[in-house]
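Asks: Okay, sequence plus prediction incoming.
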Amino acid sequence: MSLKRPAKDQPENFEFNSSSLEAANKVISKYPKGKQQSAVMALLYIAQKQNNNWIPLVAMKYIAKLLDMPYIKVYEVATFYSMFNLSPVGKYFIQVCTTTPCMIRGAGKLVEACKEKISENESELLPDKNCSWMEVECLGACVTAPMMQINDDYYEDLDKEKTLEIFDKILRDEKPKPGSYRGRINNEPENGRKTLMELKNA
């Protein structure tokens, strides 16, 4: 895994807006007095959502002060977990799983779609800063491979054509429907198969 580095261009100020502060205080209130630092991951996530999917250094300092903890400890958490972005990723952040199950089922075609529609290079913002993409390790949806994550949503059972259609929508600033693109509900077998029921009645 490559070292995560903060963006070169950093904002000078950051603070939670009213809705983010309300959410942060609600999380903090769940911890006993003196244990508020345990809320750091949740607060980093709130900051990321407020700040267009990435966390600037001033947000880490703000959270450190809010939780009464050393800034370096907040920085350590933010740089350790892959779900935190330390540089701009765009309004739509596309993560393509290329671990073995997805790769076997055609994840390479999804990467091709990213290169054709978004950018030849990973983590490169479009000129309008609308979106960027990157390859990631397992996202835990092996049964519905190949798949990708856009912001908080999973898009599963994909092929190149369906992936390009999804990209066309986000490039028009429309939200595509998440879930299976072969009509499955959750992880159910395809074609309405009831394998266990069939075995029971055999």
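Replies: In hand now; what should we look at? Remember, predicted model here, so these are calculated numbers, not experimental data.

Asks: Tell me which residue is most central in this protein.
Replies: Asn151 (4.5 Å; Cα atoms, centre = their mean).

Asks: Setting aside sequence neighbours, what's the nearest residue to it?
Replies: Phe93 (5.8 Å; Cβ to Cβ, 6 or more residues apart in numbering). Glycine gets a C-beta too; all of them are placed from N, C-alpha and C.

Asks: Now do Ile185 against Glu165, distance only.
Replies: 20 Å (Cβ to Cβ, to the nearest Å).

Asks: Give me the more crowded residue out of these two.
Replies: Taking Ile185 and Glu165 together and counting by other Cβ atoms under 10 Å, Glu165 has the greater number of neighbours (13 against 7).

Asks: tell me which element the more buried one falls in.
Replies: helix 160-171 (DSSP states H and E).

Asks: in that helix, what's buried?
Replies: Buried residues in helix 160-171, counted by 16 or more other Cβ atoms under 10 Å: Lys160, Lys162, Thr163, Leu164, Ile166, Phe167, Ile170.

Asks: pLDDT (mean, whole number) over it?
Replies: Helix 160-171 shows an average pLDDT of 96 in the prediction.

Asks: what comes into contact with that helix?
Replies: Residues outside helix 160-171 that contact it (Cβ atoms under 8 Å, 6 or more residues apart in numbering): 92, 94, 106, 109-110, 112-114, 116-118, 130-131, 148, 150, 155, 158, 175-176, 181.
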